[in-house]
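Trainee: attaching a predicted model along with its sequence, questions to come.
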Amino acid sequence: MTIGGAFFISAVQCAFNNTLISHLSKTLAGINPATVLGIGATQIREQFSELQVPIVLDAYMSGLKVVFAITTAAYGVCVVVGAFGSWKRLDEEEIKKAAGGAA
């Protein structure tokens with residue numbers, strides 16, 4: 001679970017960044033996309049003009065749509081794998097032995 005979570009966190013972060021950069025380079029060529037990523041979502045309205053804010057927010061929304069798509073797909077895969085995985089009852093005595101009697 002931990003490795004899968006770490007893998008998907010980095011995957012969605014990369015997808016978000018790439019989508020944001022791609023969208024901004026197509027729609028607002030005068031802004032450096034690295035600046036938008038560095039500023040963050042909370043400072044958009046202070047750092048950009050009123051004409052630029054809707055375009056930057058649209059780029060953020062495009063990135064978030066990709067994040068939600070990847071997250072939904074990963075959840076679907078996990079449900080299928082979990083449903084067809086092996087199901088067995090855990091023995092309490094084995095758990096106590098493995099934990100050194102702490103459980």
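Mentor: Nice, I can see it. It should be emphasised that the depicted structure is a prediction, and the values quoted were computed from it without experimental measurement.
Trainee: need the residue closest to the centroid of the chain.
Mentor: Val12 (3.6 Å; CA atoms, centre = their mean).
Trainee: my guess is it contacts Ile70. True?
Mentor: Yes - shown here, Val12 and Ile70 form a contact pair, counting by CB atoms under 8 Å, at 5.1 Å. The C-beta positions use only the backbone N, C-alpha and C, and glycine is treated the same way.
Trainee: pLDDT averaged over the longest helix seen in the chain, what's the number?
Mentor: When the chain is parsed with DSSP state H, its longest helix is helix 53-84. Here helix 53-84 scores 92 as its mean pLDDT.
Trainee: next structured bit after that helix?
Mentor: Note on helix 53-84: by DSSP states H and E, the next helix or strand toward the C-terminus is helix 92-99.
Trainee: which ones are touching the residue nearest to Phe48 when sequence neighbours are not counted?
Mentor: For Phe48, ignoring the flanking residues on the chain, the nearest one in space by CB to CB, 6 or more residues apart in numbering is Val56 at 5.7 Å. For Val56, the contact set (CB atoms under 8 Å, 6 or more residues apart in numbering) comprises Leu24, Leu28, Ile31, Val36, Ile44, Phe48.
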